[in-house]
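Visitor: Predicted coordinates and the sequence they were generated for:
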Amino acid sequence: MDDILQDAPSDRPTIRHPEEVRAARSRLESDDVYLALAETFRTLADSTRAKIVSLLMHNEMCVTDLAAVVGVTESAVSQHLRILRNQSLVRHRRRGQHVFYTLVDEHIEHLVAITLAHLSHSVELDGPPVIPSD
């Protein structure tokens, strides 16, 4: 066996299909990529931030209007937007006294749209999702 298969911890089961394992491992990105991916999903895991991103999929909006639509304070929206900015999901531009936000690019829009479509499809098949209680 080559190094790629010898890297498996000894407490793992015997590899039955080494060619498939080798091919699968070659398709993996670096750990840093998966950490960034997980952080992106963690950022979107907050329902208020998910709503904000969903609204910004359609057009740019200012903090005041986002707060009015989402139903939280402007301060709360600003904090959520800061987190979204830090993850490079939204960008802003200033016009006079107002700051307008938009999505950085269409990739995040596609990600959210696909997830919403998946949820819609899941509801049709399985009924509404079960939300775990705290």
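Guide: Cool, the structure landed.
Visitor: And the residue nearest to Leu116 when sequence neighbours are not counted, how far from Glu19?
Guide: Leaving aside its sequence neighbours, Leu116 sits nearest to Ser54 (C-beta to C-beta, 6 or more residues apart in numbering; 7.5 Å). Every C-beta, even on glycine, is put in place using the N, C-alpha and C of the backbone. To Glu19, Ser54 is 43 Å away according to C-beta to C-beta, to the nearest Å.
Visitor: These two: which is more packed in?
Guide: More neighbours surround Ser54 than the other of Ser54 and Glu19, with 16 against 9 (other C-beta atoms under 10 Å).
Visitor: Which helix or strand contains the more buried one?
Guide: Assigning secondary structure by DSSP states H and E places Ser54 in helix 47-56.
Visitor: quick check: mean pLDDT across that helix?
Guide: In this model, helix 47-56 carries a mean pLDDT of 97.
Visitor: What lies in contact with that helix?
Guide: Outside helix 47-56, the residues that touch it by C-beta atoms under 8 Å, 6 or more residues apart in numbering are 43-44, 61, 66, 69-70, 72, 76-77, 80-81, 83-84, 89-90, 101-103, 108, 112, 116.
Visitor: buried set for that helix?
Guide: Within helix 47-56, the residues scored as buried using 16 or more other C-beta atoms under 10 Å are 49-56.
Visitor: Now do the most centrally placed residue in the chain, the pLDDT please.
Guide: For the chain, the residue sitting closest to the mean C-alpha position, by C-alpha atoms, centre = their mean, is Phe41 at 3.2 Å. Per-residue pLDDT puts Phe41 at 95.
Visitor: ditto for His92
Guide: According to the model, His92 scores 96 on pLDDT.
Visitor: could you check the angle helix 47-56 makes with the helix or strand that contains it?
Guide: Here His92 sits within strand 90-95, counting by DSSP H and E. Using axes from the mean of the first three to the mean of the last three C-alpha atoms, to 10 degrees, the inter-axis angle of strand 90-95 relative to helix 47-56 is 60 degrees.
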